[in-house]
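1. Sequence and predicted structure are below.
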Protein chains: 2
Amino acid sequence: MKASILGVYGREAAAFKALGHPTRLFIAHQLGRRDACVCELRDLVGDDISTVSKHLSVLRNAGIVDSVRKGNQIIYNLKLRCVLNIRVCGNFGGGK
Amino acid sequence: MKASILGVYGREAAAFKALGHPTRLFIAHQLGRRDACVCELRDLVGDDISTVSKHLSVLRNAGIVDSVRKGNQIIYNLKLRCVLNIRVCGNFGGGK
DNA sequence: CAACTATTTGGCAATTTGGCAAAATAGTAC
DNA sequence: GTACTATTTTGCCAAATTGCCAAATAGTTG
């Protein structure tokens, strides 16, 4: 039982987990608007840059974002664009 | 910055976080098929019943499931049915 | 090469999570 | 009331997460 649950739901749960942090969800949506380097995201988020970098690696490991080096900076982009459409029942609390 | 990110994305991130565990994601989908008591879910999941109960309380706190007492057992139901439609880009790794 | 910028990595402490077992709670039935 | 069933809560512990700082890495510029 346990193994099969992990098999079928594990991957999707991992993506949800990656999005399950306000900063990371914000970053994903921000990258949906336009690609950005870590420093831009740090300015928007306000955390230490190392913290932002770690959030980005979580998102990358989940397959949600990708990155490309451009000069001496690294540009992140939203790989799983469908993430933008995921809305947990709009304004929930009411949603159905 | 931080505060506004929390404000706008905090609630939705909390819902993602609740779904970000294979067992909880499974439970949500199972409740999408039909309502069930804790003991049924325990049988399906295979964890200790106290563990299942805790997962359910996480889902309830996130507003994803709800429960009704019926006799001496508590029947859980999927409150946020839209959860069933959320698929992080189908089979991702490839998705767009 | 050195100096500089951008990013990641490696601690580290504080907090949270996941899971089980035992105790507590809520209801049913006698 | 007691005995029983179903569920939740508590305590405990190991493991994971979060966020900062400092150090390391990658690239640019002179």
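-> That came through fine.

2. use CA for all of it now, contacts and neighbours both
-> Noted.

3. Now do A:Ile74: how many residues are near it, please.
-> Counted with other CA atoms under 10 Å in any protein chain shown, the neighbours of A:Ile74 add up to 14.

4. is it fair to say it lies in a helix?
-> No: counting by DSSP: H, G, I helix; E, B strand; the rest coil, A:Ile74 is located in no helix; its state is strand.

5. For A:Leu80, see how far away it is.
-> A:Ile74 sits 18 Å away from A:Leu80, going by CA to CA, to the nearest Å.

6. And A:His21, its phi and psi?
-> phi -140, psi 130 (degrees, to the nearest 10).

7. What sits closest to it if chain neighbours are left out?
-> B:Ala13 (5.2 Å; CA to CA, 6 or more residues apart in numbering or on different chains).

8. buried sites along the helix or strand where the one you found lies?
-> Assigned by DSSP states H and E, B:Ala13 falls within helix B:2-19. Within helix B:2-19, the residues scored as buried using 16 or more other CA atoms under 10 Å in any protein chain shown are B:5-6, B:9-19.

9. next one: the one helix or strand in chain A whose mean pLDDT sits lowest to chain centre, how far?
-> Counting by mean pLDDT, DSSP states H and E, the weakest-scoring helix or strand in chain A turns out to be helix A:2-19, with a mean of 87. Taking the mean of its C-alpha atoms, helix A:2-19 sits 16 Å from the chain's own mean (CA atoms, centre = their mean, to the nearest Å).

10. same for that helix, what does it pack against?
-> Applying 3 or more CA pairs under 8 Å, 6 or more residues apart in numbering or on different chains; DSSP states H and E, we find helix A:2-19 packed against helix A:49-61, helix B:2-19, helix B:22-33.

11. Does at least one residue of it sit close to DNA strand D?
-> No: using CA under 7 Å from any atom of the strand, helix A:2-19 stays clear of DNA strand D, coming no nearer than 7.6 Å.

12. low pLDDT regions in chain A?
-> Scanning chain A for pLDDT under 70 picks out A:1, A:88-96.

13. Chain B contacts on that one?
-> A:1-2, A:5-6, A:9-10, A:12-23, A:25-26, A:44-47, A:63, A:79-83, A:86-89, A:92-93, A:95-96 (CA under 8 Å from any CA of the partner chain).

14. one more time with 6 Å
-> Residues of chain A lying close to chain B (CA under 6 Å from any CA of the partner chain) are A:6, A:9-10, A:13-14, A:16-17, A:20-22, A:80-82, A:89, A:96.

15. Pick the one among those residues closest to DNA strand D.
-> Ranked by distance to DNA strand D (CA to the nearest atom of the strand), those are led by A:His21 at 5.4 Å.
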